[in-house]
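J.: next input, structure requested:
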Amino acid sequence: MRDPDYEGLPDRVRSALKKHVRGLWGEKETAFMLDREFGPENDRHVLIHNLRLPDGQGGFAQFDHILLSRFSRTAAIFESKNYAGNISKNAHGEWMVWYRGQHRPQNIPNPVAQVRRQRDVLAAWLKRKGHTKAFERIGVFVSVPATNDIDRSKIGDEDPIYKCDNLVAGWMPFGGTSPLSRLFSTGVTGPQMLAIADQLIADHVEEEDIYVRLGIHPGPDGMTAEPDTSQADDPAPEPIVDAPEEPAAAPVIAISQPATPPPEPVIADAVPPSPKPRKAGAQIEVCAGIMERTLPDGRIAFRAAKDDHIGREALTALCKGRAVWNPMFANWVCPPEIATEIRAGVPNAVQLAQLP
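T.: Below you'll find the model as predicted:
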């Protein structure tokens, strides 16, 4: 969007990019609130961001955020919507947004119906893997920006939609537990919870890169601009489980290695969101086809070109267990001290990947 050629793109492409950026920022704002409450300083929850699972009907369900809570035996799905305006619905259950400065509302898909469809996919996955007793209930929550207005005269308590700064408070009656209830809880253990989260992550299907889908290049710095929110173009012990219909997959820590004991939650999207993002550094070529750049928080991101299979294979072999895979930007992220080791090992890793 910072590229000088951006304004010359077709309206359809510019509209899709704006919508994509707004969606990313909505997810990051919600993730910031959830990470602050359910982050790695406890062993009671696992928080997974940006998970995409097959829906069993030839398509996929995109989960913005999934929270597994072992003491309450609940799973919660949080769907982020970055609308800017007054959210309402009519007597027929049709949803709309009144954008600032506009005299007529814009119709939007029913966000509650969408997250309930996602619940069906997660419920089917838990049943197929034999985990319905581990997580007996699945709750759904829609998150909108804190600056939004929600017309509560039309949207009642039966519609689980919350401003992101009230999201955790809305979740508490469903999945929260008190210290006393945790003392007598028969919930799953931390390792059991982590193993189930690992299976979820192992079944993640990466989405096609938006630049490939739209047939454009990512711009001079590959970074996204701040969103235009003025209006929207489109809206160890034996697990406590059922007898599985298929063998459970061995845990694969795709994102981070939990410490034991106690186990720490796996965070699928381990790039902490920032409410005021700054620009990342310029890309630097480490080896042919493999680039690195310094992120605003000081960490280093390594990335191989999408069509460079040798580079991607080499980078994966080198970074796995050392760095964090970020599916949103298809790169590996790590602290500077780890980056030094990875950088030094890239040439040898590429040579090994080229061997027959």
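
J.: packing partners for the helix or strand hosting residue 50?
T.: Using DSSP states H and E, residue 50 falls within strand 45-54. If you count contacts as 3 or more C-beta pairs under 8 Å, 6 or more residues apart in numbering; DSSP states H and E, strand 45-54 packs onto helix 11-38, strand 60-69, helix 111-129, helix 190-202. In this view, the C-beta of every residue, glycine as well, is placed from N, C-alpha and C.

J.: if we use 6 Å, what do you get?
T.: helix 11-38, strand 60-69 (3 or more C-beta pairs under 6 Å, 6 or more residues apart in numbering; DSSP states H and E).

J.: give me the low-pLDDT residue ranges for the chain?
T.: Within the chain, the ranges that satisfy pLDDT under 70 run 22-23, 25-26, 40-41, 180-181, 183-185, 219-280, 328, 355-356.

J.: what ranges do the helices span in it?
T.: 11-38, 111-129, 167-175, 179-183, 190-202, 210-214, 309-319, 336-354 (DSSP state H).

J.: tell me which of those sits nearest to residue 84.
T.: helix 11-38 (8.4 Å; C-beta to C-beta).

J.: list the buried residues in the closest one.
T.: 14, 16-31, 33-35, 38 (16 or more other C-beta atoms under 10 Å).

J.: and for stretch 136-146?
T.: 138, 139, 140, 141, 142, 143, 144, 145.

J.: list the neighbouring strands of the strand holding residue 50 plus their orientation.
T.: strand 60-69 (antiparallel) (DSSP bridges).

J.: angle of the partner strand against helix 11-38?
T.: Relative orientation of strand 60-69 versus helix 11-38 (axes from the mean of the first three to the mean of the last three C-alpha atoms, to 10 degrees): 10 degrees.

J.: for strand 60-69, give me every contacting residue.
T.: Residues from elsewhere that reach strand 60-69, judged by C-beta atoms under 6 Å, 6 or more residues apart in numbering: 27, 34, 45-49, 51-55, 75-80, 118, 121, 175, 193, 197.

J.: what does stretch 78-95 give?
T.: So stretch 78-95 is contacted by 22, 25-27, 30, 64-65, 96-100, 108, 110-111, 115, 141-144, 149-151, 154-155, 229 (C-beta under 6 Å, 6+ apart).

J.: gap between the residue nearest to residue 27 when sequence neighbours are not counted and residue 12?
T.: Of all residues not flanking residue 27 in the chain, residue 80 sits nearest, at 4.6 Å (C-beta to C-beta, 6 or more residues apart in numbering). Per C-beta to C-beta, to the nearest Å, residue 80 is found 24 Å from residue 12.

J.: on that earlier part again, how much space between the residue nearest to residue 27 and residue 335?
T.: Distance from residue 80 to residue 335, by C-beta to C-beta: 28 Å.

J.: the two: who's more crowded?
T.: residue 80 (25 against 14; other C-beta atoms under 10 Å).

J.: who does that one form a beta bridge with?
T.: Here residue 80, judged by DSSP bridges, has bridge partners residue 143.

J.: gap between the residue lying closest to residue 142 once chain neighbours are set aside and residue 33?
T.: Excluding the flanking residues, the one nearest residue 142 by C-beta to C-beta, 6+ apart is residue 161, at 4.2 Å. As judged by C-beta to C-beta, residue 161 and residue 33 stand 15 Å apart.

J.: now the helices and strands packed on strand 45-54 as JSON lines including distance to residue 321?
T.: JSON lines is the format used below for the helices and strands packed on strand 45-54 (distance: least, C-beta to C-beta, whole Å):
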{"stretch": "helix 11-38", "distance to residue 321": "22"}
{"stretch": "strand 60-69", "distance to residue 321": "23"}
